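Participant: Kindly return the folded structure for what I paste below:
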Amino acid sequence: MSLTIDDFVQKEESTCSYGMDDYTTEAARWCKGCGGHGALGALQRMLRDNQVHPEEVVCVSGIGCSSRFPHYLRAYGFHTLHGRALPVSVGVSLARPELKLLTVMGDGDCFSIGGNHWLHTLRYNINSMVMVLDNEIYALTKKQVSPTSRIGTVSNTSPRGSYLEPLNPLSVALGISNISFIAQTASWLPGHMQATLEKAWKHKGLAFVRILQRCPVFMPNAFQGGSVDFPGKFLESPEGIPVDKGILRDAPVVAHDPRNINAAQAVAANSHMEKEPLGLIYYNPEVPTYSDIRYSKVATVDRKAKAKLLDDYLTRYSVES
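Facilitator: Numbers count the residues shown, from 1 in each chain. Here you go, the predicted model:
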């Protein structure tokens, strides 16, 4: 998409508020029933409710179905290489710290080819909301197992069913030093998803949000198809995410302290074996961001004094006319 400065100046000069159209470029071309539609809508509603200026948002993505986000979100964006969204995000964060940064990836994009970048970006704790839309399959390339595919998943790369236990992204993330925010939600729970994104958006640091979603073409039964039979449990705490059960009327609500790293690790470790946790899993706003640490080590430059020194130096070699 192309944006001109006039698009934003005209909006700034008007008295009307931002609406959904101000965050929309074109109709999303995901398959009917794809969870990407719900995630995009929740994000746009969150931006509208907070009246975020579109020109202050940068959306970075990798490769995959979910990575078409920058095409559908009216903001500045990078559609980068497979697995490389996070290095670009680190660069954006350091070069333009005043902008609001959003990084969108899929499970293969983030946890497989981008796994090394994922771990170290969590450790850096840059200012970014990171959304991973996890459907437990490579969908854009037509059904290959991903790191989060369950045992027995039949695919083009595992015709007899996958052999390995799936990667647990929550446990992995909680093992990284400097982690400051981890939450999990689901694409079929729009109210809960929007509240999760809003909490993540307002967090200073890296807010890692895993969004469970089904692929209606290649993984329609993932997470029990997003039905009332999905084994989920909502985490409740005073500073957590409001419980919005949506269709999961009978899902249990359990008390959880997101500031307690041990409690968070226990919740994450049992996610595949028991009920998937939905809500704020870990939260530590006291962790300094990478920008805070980096720029605290750099002396403030007096630009006027530096210019004067350069001028004085050049004057020594000047010839009077």
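Participant: count of residues packed around the closest residue to Ile247 other than its chain neighbours?
Facilitator: Nearest residue to Ile247, sequence neighbours excluded (C-beta to C-beta, 6 or more residues apart in numbering): Val228, at 5.5 Å. C-beta: built from backbone N, CA, C; applies to glycine. Val228 is flanked by 13 other residues according to other C-beta atoms under 10 Å.
Participant: to the chain's geometric centre, what's the distance from stretch 140-157?
Facilitator: 22 Å (C-alpha atoms, centre = their mean, to the nearest Å).
Participant: can you pull the buried residues of that stretch?
Facilitator: Residues of stretch 140-157 classed as buried by neighbour count (16 or more other C-beta atoms under 10 Å): Leu140, Lys143, Gln144, Val145, Ser146, Pro147, Thr148, Ser149, Thr153, Ser155.
Participant: which stretches of the stretch 201-321 of the chain form helices?
Facilitator: Residue ranges of the helices in the stretch 201-321 of the chain, as given by DSSP state H, counting those that start in this stretch, are 261-269, 290-296, 303-315.
Participant: could you dump the ones you listed to CSV with distance to Leu248 and mean pLDDT?
Facilitator: Listed next are these as CSV, based on distance: least, C-beta to C-beta, whole Å; pLDDT from 0 to 100:
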stretch, distance to Leu248, mean pLDDT
helix 261-269, 17, 95
helix 290-296, 37, 85
helix 303-315, 57, 88
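Participant: Out of those, flag the one nearest Val88.
Facilitator: helix 290-296 (14.8 Å; C-beta to C-beta).
Participant: okay, the helices of the stretch 201-321 of the chain, which one's buried deepest?
Facilitator: With neighbours taken as mean count of other C-beta atoms under 10 Å, the helices of the stretch 201-321 of the chain reach their highest mean count in helix 261-269, at a mean of 17.
Participant: re the thing from before, next, format the helices of the stretch 201-321 of the chain as TSV and append distance to Gln184.
Facilitator: What follows is these, written out as TSV (distance: least, C-beta to C-beta, whole Å):
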stretch	distance to Gln184
helix 261-269	9
helix 290-296	24
helix 303-315	46
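Participant: closest to Gly91 out of those helices?
Facilitator: Counting by C-beta to C-beta, and looking across all of the helices of the stretch 201-321 of the chain, nearest comes helix 290-296 at 11.7 Å.
Participant: Show me how far stretch 241-260 is from its chain's centre.
Facilitator: In terms of C-alpha atoms, centre = their mean, the centre of stretch 241-260 is set 21 Å apart from its chain centre.
Participant: what mean pLDDT does that stretch have?
Facilitator: The average pLDDT for stretch 241-260 rounds to 93.
Participant: any idea of the pLDDT on Met1?
Facilitator: pLDDT, read off for Met1, is 48.
Participant: about what we covered before: now for the buried residues of stretch 140-157, which pair is the farthest apart?
Facilitator: Across those, the longest distance by C-beta to C-beta is 16.8 Å; it joins Leu140 and Thr153.
Participant: before we move on, the earlier item: hang on, isn't the residue nearest to Ile247 packed against Leu248?
Facilitator: Yes - under the criterion of C-beta atoms under 8 Å, Val228 makes contact with Leu248 at 6.3 Å.
Participant: And the biggest helix by length in the chain, what's buried?
Facilitator: In terms of residue count, the longest helix belonging to the chain (DSSP state H) is helix 35-49. Judged by neighbour count using 16+ other C-beta under 10 Å, the buried positions of helix 35-49 are 35-48.
Participant: Tell me the pLDDT of the nearest residue to Gly240 once chain neighbours are set aside.
Facilitator: Leaving aside its sequence neighbours, Gly240 sits nearest to Leu280 (C-beta to C-beta, 6+ apart; 4.1 Å). pLDDT, Leu280: 98.
Participant: And for Leu280, the neighbour number?
Facilitator: 28.
Participant: separation between it and Pro54?
Facilitator: 27 Å (C-beta to C-beta, to the nearest Å).
Participant: give the contact list for Ala222.
Facilitator: Shown in contact with Ala222 (C-beta atoms under 8 Å, 6 or more residues apart in numbering): Asn135, Glu136, Ile137, Leu212, Gln213, Arg214, Cys215.
Participant: likewise Ala75?
Facilitator: So Ala75 contacts Tyr23, Pro54, Glu55, Val57, Val58, Cys59, Leu102 (C-beta under 8 Å, 6+ apart).
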